[in-house]
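>>> Next one to model:
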Amino acid sequence: MNTFCHMGLSREYVIFLLVSIACSITLFVSPLLGLYLTILYFLFVKVDSVILRLPGEIFAIICMSVIAASIQVGYGHGDDYYNVYIPVYESIGKGGSIFSFFSGGVEFGLPLFFYIINKFFPDANYIQLSGIITFIYSFIFILWVERFFLKNIEDKYKGIALAALLLFFNYLILVHLMRQSLASLFVLFSIGYFQEHKNRKGIIFFIIACVCHLSSAIIIPLFIVFLSSRKYLKVAFVSFIVFSVISFKFLIGFIVAHNIFGVATYKMAVYENDVIETTAGAGFVLHFIVLFVLSRFIRDNSTESYKSLIFYSCPAYLALTLIPFASDRLFMPITGFMLGGLFFICFKRYVTIFRLLLLAYCILRFVRLGPYANNIYGLWFNYPWLGSFFI
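I've put the predicted structure just below:
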């Protein structure tokens, strides 16, 4: 390292070059291996400046994109990517109007996104399109991480916070829940600007999120209240959610019968089903319970808003699991994107323990998604997880 310094190269620039070279070499072997080695890099190496994080972040989202693109396309009726979004993409490519699809044209955000992608990648096949969309979504997520989350984290903890965010980032669902995922990203930016009292930017991103998915009009106020210090409002929101869950069959039936929400009413009809189902099979119940328990031990005043978010989101999420899709839809900003960061906040006082837990989980995820994938998510249908294919 001293030799490079004598050559006039800074420590940051040298590490940037070394990490970039190492990442490129890893891609010859496996995108899965590359992703988890990158997470380990953030977990154990001090990355207190953006230039130290940038190559790893870019490489991580490239790996995620390649992994996501390996998922089988058109595996059945539940494949929204193939059955819902690809027809829209193809229609847009043939000159269809962006106002012809979702919620009577109100949710034109995704069709507009498709229009832009089609202009840049007109010949992309379904597999390539999946990778492109995953990369763009993941890049936007990283922008939020750097702009809003890491800025309030001490430099010595930024690496482990980033590792946790990447490890729990639900990138495999992005193309299958494409509208909600895109909206959730803009939800995060809107909330971030409102938290900084930059209301004009917050409103702009609020509108963008809503034209991607109308549920954003509910999610953003809900999160802002849970992040606030207004206890009476937070208790009122949770109480209202619990009350709504108890009476949802009657409430939803009334909304659908009277078409109260106009073009958005059809979204409510799905909740009349008796089947309890969520986007992840209520798989985040345990995560929320653990977060709720751990949040009681947070003593850092700088993260008081996140502590509040955890404390009030948990009962709301658990109650909403009784309504099909509702829990993971309303709390997708957490289950899809923020989860690792919230775990970091809970474990901030116990960094060594948290680092060991992340290491163990990192190994478990690698084994589960690689050698013992067992066709989970339809992974590695288009190409194998190990080999020199990824050049």
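
>>> Tell me the span between the first and last residue of stretch 162-176.
Terminal residues of stretch 162-176 lie 25 Å apart, using Cα to Cα, to the nearest Å.

>>> typed the wrong thing, it's stretch 170-187
Counting by Cα to Cα, you get 16 Å between the two ends of stretch 170-187.

>>> Stretch 93-109 now?
By Cα to Cα, the extent of stretch 93-109 from end to end equals 15 Å.

>>> Please look at residue 294 and residue 344 and confirm they touch.
No. Residue 294 is not in contact with residue 344 according to Cβ atoms under 8 Å; the separation is 10.7 Å. In this view, the C-beta of every residue, glycine as well, is placed from N, C-alpha and C.

>>> Between the two, which is the more surrounded one?
Ranked by neighbour count (other Cβ atoms under 10 Å), residue 294 and residue 344 place residue 344 first, with 24 against 17.

>>> For the stretch 1-150 of the chain, which segments are assigned as helices?
Assigned by DSSP state H, counting those that start in this stretch, the stretch 1-150 of the chain shows helices spanning 2-6, 11-26, 31-44, 50-69, 80, 86-93, 109-120, 126-144.

>>> okay if I get those as CSV plus distance to residue 240?
As requested, the helices of the stretch 1-150 of the chain are exported to CSV (distance: least, Cβ to Cβ, whole Å):
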stretch, distance to residue 240
helix 2-6, 60
helix 11-26, 48
helix 31-44, 39
helix 50-69, 36
helix 80, 30
helix 86-93, 34
helix 109-120, 28
helix 126-144, 28
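
>>> Same list (those helices) but as a markdown table, adding mean neighbour count and distance to residue 211.
Output for those, formatted as a markdown table (neighbours: other Cβ atoms under 10 Å; distance: least, Cβ to Cβ, whole Å):
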| stretch | mean neighbour count | distance to residue 211 |
| --- | --- | --- |
| helix 2-6 | 10 | 49 |
| helix 11-26 | 15 | 36 |
| helix 31-44 | 22 | 32 |
| helix 50-69 | 22 | 25 |
| helix 80 | 14 | 19 |
| helix 86-93 | 18 | 15 |
| helix 109-120 | 17 | 4 |
| helix 126-144 | 20 | 16 |
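
>>> looking at those helices, which has the lowest confidence?
Lowest mean pLDDT of the helices of the stretch 1-150 of the chain: helix 2-6, a mean of 46.

>>> hmm, back to that, what's the closest of the helices of the stretch 1-150 of the chain to residue 237?
Minimum separation from residue 237 across those (Cβ to Cβ) falls at helix 126-144, 23.6 Å.

>>> So what touches that closest one?
57, 60-62, 64-66, 68-69, 71, 73, 81-82, 86, 89, 117, 121, 124, 169, 171, 174-175, 178, 181-182, 185, 188-189, 192, 337, 382 (Cβ atoms under 8 Å, 6 or more residues apart in numbering).

>>> Also stretch 152-166?
35, 38-40, 42-48, 53, 57, 60, 145, 149-150, 302-303, 337-338, 340-341, 343-344, 348, 351, 354-355, 358.

>>> Okay, buried residues for that stretch please.
153, 157, 158, 159, 160, 161, 162, 163, 164, 165, 166 (16 or more other Cβ atoms under 10 Å).

>>> now the end-to-end length of that stretch.
Using Cα to Cα, the two ends of stretch 152-166 sit 18 Å apart.

>>> Now find how far off-centre that stretch is within its chain.
Relative to its chain's centre, stretch 152-166 lies at 17 Å (Cα atoms, centre = their mean, to the nearest Å).

>>> And for stretch 87-105?
Counting by Cα atoms, centre = their mean, stretch 87-105 comes out at 25 Å from the chain centroid.

>>> what do you get for stretch 26-42?
Distance, stretch centre to chain centre, for stretch 26-42: 20 Å (Cα atoms, centre = their mean).

>>> Kindly format the C-alpha coordinates of it as CSV.
Output in CSV follows, covering the C-alpha atoms of stretch 26-42 (Å, rounded to 0.1, in the frame of the first residue of the first chain):
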residue,chain,number,x,y,z
THR,A,26,-15.2,-13.1,-9.2
LEU,A,27,-17.7,-12.7,-11.9
PHE,A,28,-15.9,-15.4,-13.9
VAL,A,29,-16.8,-17.8,-11.2
SER,A,30,-20.3,-17.1,-10.0
PRO,A,31,-22.6,-14.0,-9.5
LEU,A,32,-23.9,-15.6,-6.3
LEU,A,33,-20.3,-16.0,-4.9
GLY,A,34,-19.6,-12.5,-6.0
LEU,A,35,-22.6,-11.0,-4.2
TYR,A,36,-21.8,-12.6,-0.9
LEU,A,37,-18.1,-11.9,-1.0
THR,A,38,-19.0,-8.3,-1.7
ILE,A,39,-21.3,-8.3,1.4
LEU,A,40,-18.4,-9.8,3.4
TYR,A,41,-16.2,-7.0,2.2
PHE,A,42,-18.6,-4.4,3.5
